[in-house]
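Asks: Below: sequence and its predicted model.
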Amino acid sequence: MVILGVLAGVVIWALVSFNRFVAQRQVIENSWANVETELTRRHHLIPNLVETVRGYASHEADTLRNVIEARTGALGAVGGPGAHQGVENVLTAGLRHLFAVSEAYPELQASERFLDLHNELVTTEDRLQAARRLFNGNVREYNRRVESIPSNLIAKLARFPKRDYFEIEPSATAVPRVPRTD
């Protein structure tokens, strides 16, 4: 009777542990979908931002082309964090360079359209970073269980692999508002 009780306890523990892994996998996939939503929002803002900058800094064609090419690469990324991380970091670098170039054009910095797009991008970056932190927190908890005894036994048997974190830096930060001079 004791052996059957212990065996039943082990089976119940294994089922609960397996179900918890399944639930955590679903949470990770959901939180990744939130990250992808914010990335898509970011990608859709970039053409408007580039066109606005082009109107004031048309001789910065290389910078504008690099940002558009980086956006195209980021849009083409399919899959999890590993597929997105590199292309998003290239896009982030391009956007930072674009904002650095924009500082040389006071009339661009004073443009309502540019400021609105920049503020929208800052808001999107904040939302993206929040979604990324949530995703990485879920991955951290899942990976902890994959590596911890005794749940690592279920992870190995049921083939629940460790998941990758998603690390990118924000491309835009808040800029002080330039007063209009007209």
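Replies: Structure received. Numbering: from 1, shown residues only.

Asks: Give the other helices and strands that the longest helix anywhere in the chain contacts.
Replies: Counting residues, the longest helix found in the chain (DSSP state H) is helix 2-56. Contact partners of helix 2-56 among helices and strands, from 3 or more C-beta pairs under 8 Å, 6 or more residues apart in numbering; DSSP states H and E: helix 61-75, helix 81-102, helix 106-109, helix 112-147, helix 151-157. (Each C-beta comes from the backbone N, C-alpha and C, glycine too.)

Asks: That helix - what's its average pLDDT?
Replies: Averaging the model's pLDDT scores along helix 2-56 yields 94.

Asks: Now do it and helix 112-147, the angle between them.
Replies: Taking axes from the mean of the first three to the mean of the last three C-alpha atoms, to 10 degrees, one finds helix 2-56 and helix 112-147 inclined to each other by 160 degrees.

Asks: Between helix 81-102 and helix 2-56, find me the angle.
Replies: For helix 2-56 against helix 81-102, the angle by the same axes, to 10 degrees is 30 degrees.

Asks: next one: helix 2-56 to chain centre, how far?
Replies: Shown here is helix 2-56, whose average C-alpha point lies 12 Å from the average C-alpha point of the whole chain (C-alpha atoms, centre = their mean, to the nearest Å).

Asks: circling back: looking at the helices and strands packed on helix 2-56, which is nearest to residue 23?
Replies: Distances from residue 23 to each of these were compared by C-beta to C-beta, and the smallest falls on helix 112-147, at 9.8 Å.

Asks: Run through the neighbouring helices and strands of the closest one.
Replies: Helix 112-147 makes packing contacts with helix 2-56, helix 81-102, helix 151-157 when contacts are defined by 3+ C-beta pairs under 8 Å, 6+ apart.

Asks: what about that helix, distance to the chain center?
Replies: From the chain centre to the centre of helix 112-147 is a distance of 5 Å (C-alpha atoms, centre = their mean).

Asks: If you count neighbours, what's buried in it?
Replies: Of the residues in helix 112-147, those buried under the neighbour-count criterion (16 or more other C-beta atoms under 10 Å) are 114-115, 117-118, 120-122, 124-125, 127-128, 131-132, 134-136, 138-139, 142-143, 145-146.

Asks: Please name the residues that touch the nearest residue to residue 81 once chain neighbours are set aside.
Replies: The shortest distance from residue 81 to any residue other than its chain neighbours is 3.7 Å, reached at residue 166 (C-beta to C-beta, 6 or more residues apart in numbering). Shown here is residue 166, whose contacts under the criterion C-beta atoms under 8 Å, 6 or more residues apart in numbering are 32, 35, 81, 84, 85, 132, 135, 136.
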